[in-house]
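J.: Have a look at this prediction, sequence included:
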Amino acid sequence: MKDQTRKLIRYTLPSILSMVSIFLFGIVDGIFVGHGVGINAVGAINISFPFLMFFTATSMLTTIGALTITAIRIGRKDFEGANQVFSLAIFLNAVIGIVLCLFGTVFTGPLARMLGSTDTFYPLVKEYLFWYSVFIVPCCLNSAFLGFARNDGAPGLVSVLTIGSSVLNIIGDYILIFPLHMGLKGAALATGSAQTLSLICVLGHFLSKRGKLRFSAVHFDPHLVFTMLKRGIPECVAQFGTPVTMVLTNVMLARYLGDDALNAYSLLMYIATFSASIFVGASQGLQPLFGNSYGEENEADLRYYLKAGICISVGGGMIVNFFLLFSGPAVALLFNSNQAAIALFNQHMPKYLVSILLEAVTVTISAFLYSTTRSKPALAIHVLRAFVVDTIVILLIPSVLGPQNIWFAPLIIETIVMTSAIILLKYNTRNGLIGSDKE
């Protein structure tokens, strides 16, 4: 087996397994909530999700930029510089976590309304948001440390901790929702507690000094912070894409089609996006491979990892989609939903599955671009998706094609964005895969 293939398997397989576990246990989590609290609670989590994604996106602003720079510096054997970036990024993530924790716990009510809560969902959304916000700091730090552990040669550890925290989350869900009857508060406490335990465990990797990354004194270097933010902006904006789309879709569905459509959409987000676990995991595993190869100026490896990443993302997504086409409707019944919502889910799931395959190509291209310091084209891709294409499509469909056709929005959006991503990739690699920016 070639060294390229061994590295590809070593990094992408654990990441894919981690993401599959997160999405799979997310489905189980939704089933517990649906039966233990009610189907409106599943809708409430879906309405709350954009804020959770906003917190993730804000964390990504520093984390992904720092991971990109760290991977390149490790590829160049500049371990002192990599440690400088690592320590500064952890400090910034702690600050971000504290700010968002205060915001989520103090302004919970207005936030619930801003996310599109109707009177039916408002108390449930408010409850879930408050208790989730209590744990934002450990959740933020856990995500950052796991990313750095993967870059530090421990993708297997990251996979074990991710899967382990998902299992603990489900166990906590069952105990807190059923025997203890704590409702959505219990669901949020289970998630936060599992993330906190994962954080404690991953810290052991760095404290034991098993890899190359070490904690060092934090020096606030404005130029380094600017570079981190520049490198992280594309993925930060990418994380905003899903919340923006979900908020706009929730608002349109509530306005035109009612609560059954909102509940059907929440089921689609649980089931259909399970396919996304493949390309999300693959892109996370590819990030250090892209960065290290770029730092070594190894164009052959870059080309191999880019092609292999697209094949893994799309091929794996097709396999999962084939499974979901047959099992998805049966799984949706387990959420304790009503027949009207289930009927809408069954009718529109295929559109979402196809759109996710298109998104797989876009995400892999974006991971390659931001990992090789091509921040501007990566940013352009996600600005298109997060703020331009989805806004125009979702807001125009009800008036141009009719409210019933809002379900076609993801397919239209992802087709436009994927086409744009391919064009930008071709243009920005016309002179080769190694660019001129060597940060």
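T.: In hand now; what should we look at?
J.: After the helix ranked longest in the chain, which helix or strand is next?
T.: In the chain, with assignment by DSSP state H, the single longest helix is helix 39-75. For helix 39-75, the following helix or strand on the C-terminal side (DSSP states H and E) is helix 79-106.
J.: Tell me the buried residues in stretch 243-257?
T.: For stretch 243-257, the neighbour count (16 or more other CB atoms under 10 Å) marks 243-250, 252-254, 257 as buried. For every residue, glycine as well, the C-beta is placed using N, CA and C.
J.: Walking through the stretch 201-350 of the chain, point out its helices one by one.
T.: 222-256, 259-271, 276-295, 299-333, 339-371 (DSSP state H, counting those that start in this stretch).
J.: Now distance to Leu67 and pLDDT too, for the buried residues of stretch 243-257, in TSV please.
T.: Formatted as TSV, the buried residues of stretch 243-257 follow (distance: CB to CB, whole Å; pLDDT from 0 to 100):
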residue	distance to Leu67	pLDDT
Pro243	22	70
Val244	24	76
Thr245	25	78
Met246	26	76
Val247	28	77
Leu248	30	82
Thr249	30	83
Asn250	31	81
Met252	35	85
Leu253	36	84
Ala254	37	81
Leu257	40	83
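J.: Same list (those) but as TSV, adding distance to Pro350.
T.: TSV is the format used below for the buried residues of stretch 243-257 (distance: CB to CB, whole Å):
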residue	distance to Pro350
Pro243	24
Val244	24
Thr245	18
Met246	20
Val247	24
Leu248	22
Thr249	17
Asn250	21
Met252	20
Leu253	18
Ala254	24
Leu257	19
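J.: now, the most widely separated pair of those?
T.: Pro243 and Leu257 (20.3 Å; CB to CB).
J.: can you give me how far the longest helix of the chain is from the chain middle?
T.: Its chain's C-alpha centre and that of helix 39-75 lie 6 Å apart, by CA atoms, centre = their mean, to the nearest Å.
J.: That helix vs helix 259-271, what angle?
T.: 30 degrees (axes from the mean of the first three to the mean of the last three CA atoms, to 10 degrees).
J.: Mind listing what's buried along helix 39-75?
T.: Here helix 39-75 shows 39-75 as buried, counting by 16+ other CB under 10 Å.
J.: what's the burial count for Ala360?
T.: As a burial measure, Ala360 scores 28 neighbours (other CB atoms under 10 Å).
J.: oh, I was asking about Arg231
T.: Neighbourhood size, Arg231 [other CB under 10 Å]: 26.
J.: And for it, nearest residue in space, chain neighbours not counted?
T.: Gly65 (3.5 Å; CB to CB, 6 or more residues apart in numbering).
J.: again, but for Gln347
T.: Spatial nearest neighbour of Gln347, chain neighbours left out: Trp407 (7.8 Å); criterion: CB to CB, 6+ apart.
J.: How far does stretch 105-125 stretch from one end to the other?
T.: One end of stretch 105-125 to the other measures 12 Å (CA to CA, to the nearest Å).
J.: Quick check: mean pLDDT of it?
T.: Averaged across stretch 105-125, pLDDT comes to 82.
J.: of all the helices of the stretch 201-350 of the chain, which lies closest to Leu176?
T.: Closest among the helices of the stretch 201-350 of the chain, using CB to CB: helix 259-271, at 19.5 Å.
J.: How far off centre is that closest one?
T.: The answer for helix 259-271 is 19 Å, by CA atoms, centre = their mean.
J.: Contact partners for the residue nearest to Gln347?
T.: Residues near Trp407 by CB atoms under 8 Å, 6 or more residues apart in numbering: 347-348, 351.
J.: Going by distance to Gly285, which of the residues you listed wins?
T.: Lys351 (28.3 Å).
J.: which one is that closest one nearest to, not counting chain neighbours?
T.: Leu411 (5.1 Å).
J.: likewise Leu358?
T.: In space, Leu358 is closest to Glu414, 3.9 Å off (CB to CB, 6+ apart).
J.: Number of residues surrounding the nearest residue to Ser133 once chain neighbours are set aside?
T.: Excluding its sequence neighbours, the residue lying closest to Ser133 (CB to CB, 6+ apart) is Gly104, at 2.7 Å. Neighbourhood size, Gly104 [other CB under 10 Å]: 22.
J.: just His181 next, same as before
T.: 10.
J.: Point me to the residue sitting closest to the centre of this structure.
T.: For the chain, the residue lying nearest the average C-alpha position, counting by CA atoms, centre = their mean, turns out to be Gln239 (6.4 Å).
J.: Test for you: state the pLDDT assigned to that residue.
T.: What the model reports as pLDDT for Gln239 is 71.
J.: Surely it and Thr56 touch.
T.: Yes - counting by CB atoms under 8 Å, Gln239 touches Thr56, with 5.3 Å between them.
J.: Run through the stretch 151-300 of the chain and note the low-pLDDT ranges.
T.: 241 (pLDDT under 70).
J.: who are the neighbours in contact with Leu396?
T.: Leu396 touches nothing, counting by CB under 8 Å, 6+ apart.
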